[in-house]
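Peer 1: sequence? don't have it. structure:
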């Protein structure tokens with residue numbers, strides 16, 4: 001009994017994440033001249049944390065309730081070449097979405113695609129629609145309000161994108177796959193992102209002058225969608 005109690009205490013202290021469902025989310029931040037278009041792929045894993053010992057899990061004798069938990073693994077980061085024409089960008093993303101597991105297979109649903117439709121991004125997002133990709137359009141704003149759905153697109157404040165990303169990293173819910181070629185660039189972008197407060201007292205998140213933020217924004221919109229509360233999204237807010 002003492003051994004079982006010690007194992008249970010060890011399980012309680014550490015916990016083990018047990019996956020239950022997997023899905024993929026693709027975020028695309030559009031660019032052309034000064035900033036490249038960036039794409040990020042997130043594998044969202046819904047599961048539970050089991051605080052029982054390994055023996056109790058194996059024998060199904062554990063008495064400590066499992067706790068719902070989520071993990072977000074960045075599987076892919078890429079920047080498209082500067083000045084690549086938008087039709088070619090759409091074709092690149094279409095090719096990506098047609099690959100396994102993004103196309104859906106073995107119980108995994110087809111990946112959801114989110115495209116930054118801010119500014120000139122809106123007509124480009126419509127090119128994605130004409131290509132049959134059914135993108136979820138995102139307009140990135142300077143507002144600090146909750147995201148809302150209006151006029152066919154989600155309006156999302158940059159502060160919300162960044163704060164959600166920061167929380168996932170801080171809680172170690174977001175991890176990066178090993179050997180991602182763009183991982184050093186992502187790390188640099190995260191370090192360069194800063195919160196600025198205007199003379200009027202309004203805050204804004206921006207990369208420092210001359211730095212890029214395309215990878216951060218592509219990852220941010222993917223993570224925000226993947227981690228959204230489904231119950232609130234159903235009524236047009238996050």
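Peer 2: That came through fine. Remember, it's a predicted structure, so these values are computed and weren't measured experimentally. Residues are numbered from 1 along each chain as shown.
Peer 1: Break down this structure into its helices, ranges please.
Peer 2: Taking DSSP state H as the criterion, the chain carries its helices at 2-14, 54-59, 86-97, 121-130, 158-170, 183-192, 214-226, 230-233.
Peer 1: Distance check, residue 220 against residue 227.
Peer 2: With distances defined as CB to CB, to the nearest Å, the gap from residue 220 to residue 227 amounts to 11 Å. Bear in mind the C-beta positions are built from the backbone N, C-alpha and C, glycine included.
Peer 1: Format the helices of the chain as CSV; extra columns: distance to residue 36 and mean pLDDT.
Peer 2: Formatted as CSV, the entries for the helices of the chain read as follows, by distance: least, CB to CB, whole Å; pLDDT from 0 to 100:
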stretch, distance to residue 36, mean pLDDT
helix 2-14, 41, 41
helix 54-59, 46, 90
helix 86-97, 10, 96
helix 121-130, 14, 88
helix 158-170, 18, 89
helix 183-192, 10, 83
helix 214-226, 6, 94
helix 230-233, 29, 57
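Peer 1: Quick check: which of these is nearest to residue 176?
Peer 2: With distances scored as CB to CB, the stretch of these nearest to residue 176 is helix 183-192 (5.8 Å).
Peer 1: List the buried residues in the closest one.
Peer 2: Taking 16 or more other CB atoms under 10 Å as the basis for neighbour counts, the residues of helix 183-192 that come out buried are 185, 186, 189, 190, 192.
Peer 1: name the helices or strands packed onto it?
Peer 2: In terms of contact count using 3 or more CB pairs under 8 Å, 6 or more residues apart in numbering; DSSP states H and E, helix 183-192 is assigned the packing partners strand 67-79, helix 214-226.
Peer 1: which of these is buried the deepest?
Peer 2: Scoring the helices and strands packed on helix 183-192 by mean neighbour count under mean count of other CB atoms under 10 Å gives helix 214-226 as the most buried, with a mean of 27.
Peer 1: That one to helix 183-192, inter-axis angle?
Peer 2: For helix 214-226 against helix 183-192, the angle by axes from the mean of the first three to the mean of the last three CA atoms, to 10 degrees is 80 degrees.
Peer 1: okay, the helices and strands packed on helix 183-192 in JSON lines with distance to residue 30 next?
Peer 2: Below are those laid out as JSON lines (distance: least, CB to CB, whole Å):
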{"stretch": "strand 67-79", "distance to residue 30": "12"}
{"stretch": "helix 214-226", "distance to residue 30": "9"}
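Peer 1: and residue 101, which of these is closest to it?
Peer 2: Set against residue 101 and scored by CB to CB, these come closest in strand 67-79, at 9.5 Å.
Peer 1: Okay, angle between the closest one and helix 183-192 too, please.
Peer 2: Using the same axes, to 10 degrees, the interaxial angle of strand 67-79 with respect to helix 183-192 works out to 110 degrees.
Peer 1: So in that sheet, which strands flank strand 67-79, and in what orientation?
Peer 2: Strand 67-79 has the following sheet partners, assigned by DSSP bridges: strand 38-50 (antiparallel), strand 174-176 (parallel).
Peer 1: out of those, deepest packed?
Peer 2: Across the strands paired with strand 67-79, averaging neighbours per residue (mean count of other CB under 10 Å) puts strand 38-50 on top, at a mean of 21.
Peer 1: just to revisit the earlier point, closest to residue 110 out of the buried residues of helix 183-192?
Peer 2: Of all these, residue 186 has the smallest distance to residue 110: 25.4 Å, by CB to CB.
Peer 1: now the closest one, nearest residue through space, not along the chain?
Peer 2: Using CB to CB, 6 or more residues apart in numbering and skipping residues adjacent in sequence, the residue nearest residue 186 is residue 215, 4.8 Å away.
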